[in-house]
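Undergrad: Here you go, sequence then predicted model.
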Amino acid sequence: VLLMLSPTSVAVGTLFTIECRVPAVGPPEGLTVTLLRDAMVTHNTTAHREDGLYNFSCEALMDLRSRGGGLVHRVSDPQRLEVKEPMPDNQMVTIIVIMRALLLLFATFILLCFVFTQRWRHHWSHPFMENRWGNQWKQ
């Protein structure tokens with residue numbers, strides 16, 4: 001009995017396939033899944049975070065009692081699915097980075113406006129400048 005997980009590494013919420021194969025089985029009448037040469041069961045499912053905690057295995061049972069035999073029972077080797085957390089959307093990360101840069105530029109612009117305004121006020125409120133301009137306008 002062969003078990004295949006496809007893919008073996010998935011993100012949470014992603015589809016994956018569990019395939020159980022019993023090669024060269026016969027007679028197919030005693031098997032639940034009947035195919036002429038190989039028996040195969042495929043199950044598509046969505047990955048959940050807890051799926052990475054368990055082993056997957058496949059079990060095949062063939063009833064040959066009607067042909068004078070017994071029950072044939074086989075189990076595949078266990079396999080583990082690697083489940084990863086999804087990565088953040090690249091577009092959202094780009095938007096966040098751009099917004100942070102714009103916010104930094106805006107804050108810098110406000111700070112520079114404040115500094116230049118203070119310097120301008122200080123420059124034009126100097127007593128010498130007031131007298132000079134004041135006297136010039138008074139004449």
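TA: Ah, there it is.
Undergrad: which residue packs closest to residue 71, ignoring adjacent ones?
TA: Among residues not flanking residue 71 along the chain, residue 63 sits closest, at 5.8 Å (CB to CB, 6 or more residues apart in numbering). Where you see a C-beta, it was placed from the backbone N, CA and C, and this is true even at glycine.
Undergrad: how about the closest residue to residue 17 other than its chain neighbours, phi and psi?
TA: Distances taken as CB to CB, 6+ apart put residue 6 closest to residue 17, at 4.6 Å, once the chain neighbours are dropped. Here is the backbone geometry of residue 6 (degrees, to the nearest 10): phi -140, psi 120.
Undergrad: who's the closest residue to residue 58 other than its chain neighbours bridged to?
TA: Take residue 58 and drop its neighbours on the chain: the residue closest to it by CB to CB, 6+ apart is residue 20, 3.5 Å away. Assessed by DSSP bridges, residue 20 has beta-bridge partners residue 3, residue 41.
Undergrad: Tell me how far residue 20 lies from residue 105.
TA: Separation of residue 20 from residue 105 (CB to CB, to the nearest Å) stands at 58 Å.
Undergrad: Neighbour count for these two, which is higher?
TA: More neighbours surround residue 20 than the other of residue 20 and residue 105, with 20 against 10 (other CB atoms under 10 Å).
Undergrad: quick one: the more buried one and residue 79, what's the gap?
TA: 11 Å.
Undergrad: can you list residues touching both of those two?
TA: residue 3 (CB atoms under 8 Å, 6 or more residues apart in numbering).
Undergrad: about what we covered before: pLDDT score assigned to the residue nearest to residue 17?
TA: On the pLDDT scale, residue 6 is placed at 88.
Undergrad: quick one, what contacts it?
TA: If you count contacts by CB under 8 Å, 6+ apart, then residue 6 has 16, 17, 19 around it.
Undergrad: so what's residue 88 scoring on pLDDT?
TA: For residue 88, pLDDT reads 65.
Undergrad: hang on, I meant residue 94
TA: Looking at residue 94, its pLDDT reads 84.
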